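1. Predicted model follows, preceded by the sequence.
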Amino acid sequence: MATDSWALAVDEQEAAAESIGSLQIKEKRESVNGTVKPGEDGDKADEEEKEDRAAQSLLNKLIRSNLVNTTNQVEVLQRDPNSPLYSVKSFEELRLKPQLLQGVYAMGFNRPSKIQENALPMMLAEPPQNLIAQSQSGTGKTAAFVLAMLSHVDPANKWTQCLCVSPTYELALQTGKVIEQMGQFYPEVKLAYAIRGNKIERGQKIQDQIVIGTPGTVLDWCLKLKFIDPKKIKVFVLDEADVMIATQGHQDQSIRIQRMLPKDCQMLLFSATFEESVWKFAERIVPDPNIIKLKREEETLDTIKQYYVVCSNKEEKFSALCNIYGAITIAQAMIFCHTRKTASWLSGELSKEGHQVALLSGEMTVEQRAAVIERFRQGKEKVLVTTNVCARGIDVEQVSVVINFDLPVDKDGNPDNETYLHRIGRTGRFGKRGLAINMVDSKHSMDILNTIQDHFSKKIEKLNTDDLDEIEKIAN
Ligand SMILES: Nc1ncnc2c1ncn2[C@@H]1O[C@H](COP(=O)(O)OP(=O)(O)OP(=O)(O)O)[C@@H](O)[C@H]1O
């Protein structure tokens, strides 16, 4: 399902790119109360973007084995600014149940992550405090709320006490795994999955203390099927709020669940981003919140040398690429193409030249993509060829060279500065010097390059790939 939509999105981009020259006038859109109501096309595009987000989020989870490194400071806004602000530097300070501390250490965690330092004391405080927390994927949010849920349940009580909602079936399963892992030495606590296909006999009450699921099924279990008594819930977690609101109906279902819960239920909401829409939703779900924010590490172009190469078609771009490979030693490169077709053509050509190539393509499932990225990370392949849609939002660590075989453009064919920064920000990390090479093959793509250059006010130098000496110089 998700795979199709990724593929569709690439195809749509391809179509958009082809139609730039002959600007098509799309169906006029109605304006309701000053807001533009998208027509069918708009709805379809939105739908794809949503699918994307959930798939990206899952992919990031699958490929992440460590915490993301960040030196940014945590920003804490307390509901009661006069109450002391606690933060912990060790898990011992939290006075966790021994079984849970054992679970934490068994997972290889030595000390709390940046966000956990502040979020954990707040979540474990008595009386319970509500929390809205935002930090990028991989900073330890999931581990934090899982620990909070496991700490708050009373295993002697055979009813559901913690409810956690996730945007998709797959994301719920992933979080469930973390609960199982962290609770491995606390077997009295049971977990149930409120997801499609999990059939429970009607008329009974669930005895598992923690239930994780998607909003629709959780709502059914509380309201229609009455498997759960919402009045007995002590902790309500809404995970991935930004992905949640991007999915039709999830927002309303989540709010309906929240309304059934008792007033003193602890409400916790997590998000990787904090757009206005997420914020509005968060405020409806979490009354009187404490707020914790961790800024994303800013990507910068300061340590990256940027070049462009002028070619007239994709074959010329390919031979320029071969010249670059012939002149400098490239440890690992990521190559971005605009369409799936170009990506698979290019990876075929590179393979013929003897390169070990990995292709990240729109037809693959999220699991397959994760496996490709993992192999690339382990250095089994030295070149990763990918499309824009596949790689947007993925956090792959350091590569030495990034090549824009096609320049990044948005769905309307306009220069996409943000994607450019994100793509080439993969190189030149951690103080190392990185190299980014852009391939230009028309006046239009030259215009795009100039716009990007102006946007960042950083010169992108011309490179003559027929001159091997010149290429050699750029590596030094
Ligand atoms: N204190 C810690 N010490 C070491 N590793 C940790 C710690 N907390 C979490 N991790 C690990 O870091 C990775 C990211 O953590 P986690 O999944 O909790 O982050 P997240 O912010 O929820 O990201 P996402 O939204 O992508 O799931 C996981 O592999 C997790 O096991």
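-> Here it is on my side, so go on.
2. show me what contacts S361?
-> R340, A343, S344, T386, T387, C390 (C-beta atoms under 8 Å, 6 or more residues apart in numbering). Heads up, the C-betas are built off the backbone N, CA and C, glycines and all.
3. Of the residues you listed, which pair is most distant in space?
-> Pairwise distances across the contacts of S361 peak at 11.7 Å for S344 and C390 (criterion: C-beta to C-beta).
4. Comparing the two, which shows the higher neighbour count?
-> C390 (30 against 17; other C-beta atoms under 10 Å).
5. Report the distance from stretch 270-288 to the chain centre.
-> 17 Å (C-alpha atoms, centre = their mean, to the nearest Å).
6. pull the CA atoms of it into CSV?
-> The C-alpha trace of stretch 270-288 is given here as CSV (Å, rounded to 0.1, in the frame of the first residue of the first chain):
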residue,chain,number,x,y,z
PHE,A,270,5.2,13.3,21.1
SER,A,271,6.1,14.7,17.7
ALA,A,272,9.2,14.9,15.6
THR,A,273,8.2,18.3,14.2
PHE,A,274,6.2,21.2,15.5
GLU,A,275,4.2,22.9,12.7
GLU,A,276,1.3,25.1,13.7
SER,A,277,-1.2,22.3,12.9
VAL,A,278,0.6,19.9,15.2
TRP,A,279,0.7,22.5,17.9
LYS,A,280,-3.0,23.1,17.6
PHE,A,281,-3.8,19.4,17.8
ALA,A,282,-1.4,19.0,20.7
GLU,A,283,-3.2,21.6,22.7
ARG,A,284,-6.5,19.9,22.3
ILE,A,285,-5.1,16.5,23.4
VAL,A,286,-3.0,17.7,26.3
PRO,A,287,-4.5,20.2,28.7
ASP,A,288,-2.1,22.2,30.9
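7. Share the number of residues neighbouring Y169, please.
-> 18.
8. what residues are up against it?
-> Counting by C-beta under 8 Å, 6+ apart, Y169 touches I195, R196, T214.
9. How about Y308?
-> Contact analysis of Y308 by C-beta under 8 Å, 6+ apart lists I437, N438, M439, V440, L449, I460, E461, K462, L463.
10. how about a cut-off of 7 Å?
-> N438, V440, L449, I460, K462, L463 (C-beta atoms under 7 Å, 6 or more residues apart in numbering).
11. is it true that it lies in a helix?
-> No. Under DSSP: H, G, I helix; E, B strand; the rest coil, Y308 sits outside any helix and is assigned strand.
12. does the nearest residue to it once chain neighbours are set aside count as helix, strand or coil?
-> Using C-beta to C-beta, 6 or more residues apart in numbering and skipping residues adjacent in sequence, the residue nearest Y308 is N438, 4.3 Å away. Following three-state DSSP, we place N438 in the strand state.
13. Could you give the number of residues near N438?
-> N438 has 27 nearby residues by other C-beta under 10 Å.
14. That one pairs with what?
-> N438 forms beta bridges with Y308, N404, as assigned by DSSP bridges.
15. Hmm, L449 and it touching each other?
-> Yes. The criterion here is C-beta atoms under 7 Å, and N438 meets it with L449 at 5.9 Å.
16. okay, and the common contacts of those two?
-> Joint contacts of N438 and L449 (C-beta under 7 Å, 6+ apart) are Y308, L407, I460.
17. tell me which of those residues is nearest to Q129?
-> Within the shared contacts of N438 and L449, the smallest distance to Q129 is 47.4 Å, found for L407 (C-beta to C-beta).
18. any idea how far R423 is from the closest residue to the closest one other than its chain neighbours?
-> Spatial nearest neighbour of L407, chain neighbours left out: I448 (4.8 Å); criterion: C-beta to C-beta, 6+ apart. Here I448 is placed at a distance of 14 Å from R423 (C-beta to C-beta, to the nearest Å).
19. which SSE is the most centrally placed residue in the chain in?
-> Closest to where the C-alpha atoms of the chain average out (C-alpha atoms, centre = their mean) is S57, at 3.8 Å. Using DSSP states H and E, S57 maps to helix 40-63.
20. How about L359?
-> strand 357-360.
21. Tell me which helix or strand comes right after that strand.
-> Next along from strand 357-360, by DSSP H and E: helix 366-377.
22. next helix or strand past that following helix?
-> Taking DSSP H and E, what comes next after helix 366-377 is strand 383-387.
23. Listing partners with orientation, what would you give for the host helix or strand of C164?
-> Under the criterion of DSSP H and E, C164 resides in strand 162-165. Here strand 162-165 is paired, per DSSP bridges, with strand 210-213 (parallel), strand 235-238 (parallel).
24. That strand and the ligand, are they touching?
-> No. Taking C-beta under 6 Å from any ligand atom as the criterion, strand 162-165 and the ligand are apart, separated by no less than 12.2 Å.
25. now the angle between helix 366-377 and the next helix or strand after that strand, please.
-> Proceeding N to C from strand 162-165, the next assigned helix or strand is helix 169-182, under DSSP H and E. Here the directions of helix 169-182 and helix 366-377 differ by 60 degrees (axes from the mean of the first three to the mean of the last three C-alpha atoms, to 10 degrees).
26. In helix 169-182, which residues are buried?
-> Neighbour-count burial for helix 169-182 flags Y169, E170, L171, A172, Q174, T175, G176, V178, I179, M182 (criterion: 16 or more other C-beta atoms under 10 Å).
27. again with stretch 369-386
-> Of the residues in stretch 369-386, R369, A370, V372, I373, F376, R377, E381, K382, V383, L384, V385, T386 count as buried by neighbour count, 16+ other C-beta under 10 Å.
28. Stretch 457-476 too?
-> I460, L463, T465, I471, I474.
29. any idea of the mean pLDDT in it?
-> For stretch 457-476, mean pLDDT rounds to 87.
30. just stretch 224-239 next, same as before
-> Averaging the model's pLDDT scores along stretch 224-239 yields 96.
31. Could you give me the buried positions within it?
-> L225, F227, I228, P230, I233, K234, V235, F236, V237, L238, D239.
32. follow-up on the earlier one: looking at the buried residues of helix 169-182, which is nearest L131?
-> Taking C-beta to C-beta as the measure, L131 lies nearest T175 of the buried residues of helix 169-182, at 16.8 Å.
33. Spatially, what comes nearest to F145 if we skip its sequence neighbours?
-> Once flanking residues are discounted, F145 sits nearest to V237: 5.0 Å by C-beta to C-beta, 6+ apart.
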